[in-house]
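*Asks:* here is a sequence together with a model predicted from it:
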Amino acid sequence: VTVLTSARRALMPRDPERALREPIQKLDGLREDLKSASDNRLDSLLGRLKEATILHEAHHPKRILQRREERLDQTSTLLERASKNALQHSEDRLKRLASLVRTLGPESTFARGFSITTNEQGDIVRDAANLKQGDVLETRLASGKVFSSVSETRD
């Protein structure tokens, strides 16, 4: 009987709560480990989903069109600025050339007291030796014209 009683005591401790506490604690630890593992896995999957969402948004046709529209606006602005600069440069150059033409042109020469004489054909007379008696000449002055005829020539 003593052996049987001892065996019974070994299998059934006096404190049944104590006998259940260890497996419950072990079960609680396993539950925490499982929760932690599932939380980690869920966090990992959420991170991958967020990366995929960002990548998808970056390559979404709407976003691609927005970037191309922004690039087009920038290019248009640059082209407009370059066109204005080129036009301003051309205007400045034209003004300089017009001023040069005025300076070197016949009006400037007339203003200094010079004139241009042409024969009946409109050719400029450069040499009196090319004229003969009776030729009709037109002389242009700073203001107006004078018509004359050759009576004699001298070298």
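*Replies:* Arrived safely.
*Asks:* confidence-wise, which helix or strand of the protein is lowest on average?
*Replies:* helix 2-11 (a mean of 65; mean pLDDT, DSSP states H and E).
*Asks:* ok, then the element right after that helix?
*Replies:* helix 16-59 (DSSP states H and E).
*Asks:* which stretches of the chain aren't confidently modelled?
*Replies:* Applying pLDDT under 70 to the chain flags the ranges 1-2, 5-16, 18-19.
*Asks:* can you rerun that using 80?
*Replies:* Low-confidence segments of the chain (pLDDT under 80): 1-20, 23, 106, 155.
*Asks:* Thr75 in helix, strand or coil?
*Replies:* helix (DSSP: H, G, I helix; E, B strand; the rest coil).
*Asks:* the helix or strand encompassing Val146 - contacts with which helices or strands?
*Replies:* Assigned by DSSP H and E, Val146 belongs to strand 145-149. Judged by 3 or more CB pairs under 8 Å, 6 or more residues apart in numbering; DSSP states H and E, strand 145-149 is in contact with strand 136-140. Using the backbone N, CA and C atoms, a C-beta is placed for each residue, glycine as well.
*Asks:* tell me what angle the strand it packs on forms with strand 145-149.
*Replies:* In terms of direction (axes from the mean of the first three to the mean of the last three CA atoms, to 10 degrees), strand 136-140 departs from strand 145-149 by 160 degrees.
*Asks:* and strand 136-140, which residues are buried?
*Replies:* Neighbour-count burial for strand 136-140, counted by 16 or more other CB atoms under 10 Å, picks out no residue.
*Asks:* contacts for that strand, please.
*Replies:* 106, 110, 115-120, 125, 131, 145-150 (CB atoms under 8 Å, 6 or more residues apart in numbering).
*Asks:* ok, 10 Å please
*Replies:* In this structure, residues lying in contact with strand 136-140 by CB atoms under 10 Å, 6 or more residues apart in numbering are 106, 110, 114-120, 122, 125, 131, 145-150.
*Asks:* report the beta-bridge partners for the closest residue to Val146 other than its chain neighbours.
*Replies:* Sequence neighbours aside, Thr139 is the residue nearest to Val146 in space, at 4.5 Å (criterion: CB to CB, 6 or more residues apart in numbering). With DSSP bridges as the criterion, Thr139 is bridged to Thr117, Val146.
*Asks:* ok so, going back, any of the contacts of strand 136-140 buried? List them.
*Replies:* Taking 16+ other CB under 10 Å as the criterion, what is buried in the contacts of strand 136-140 is Val125.
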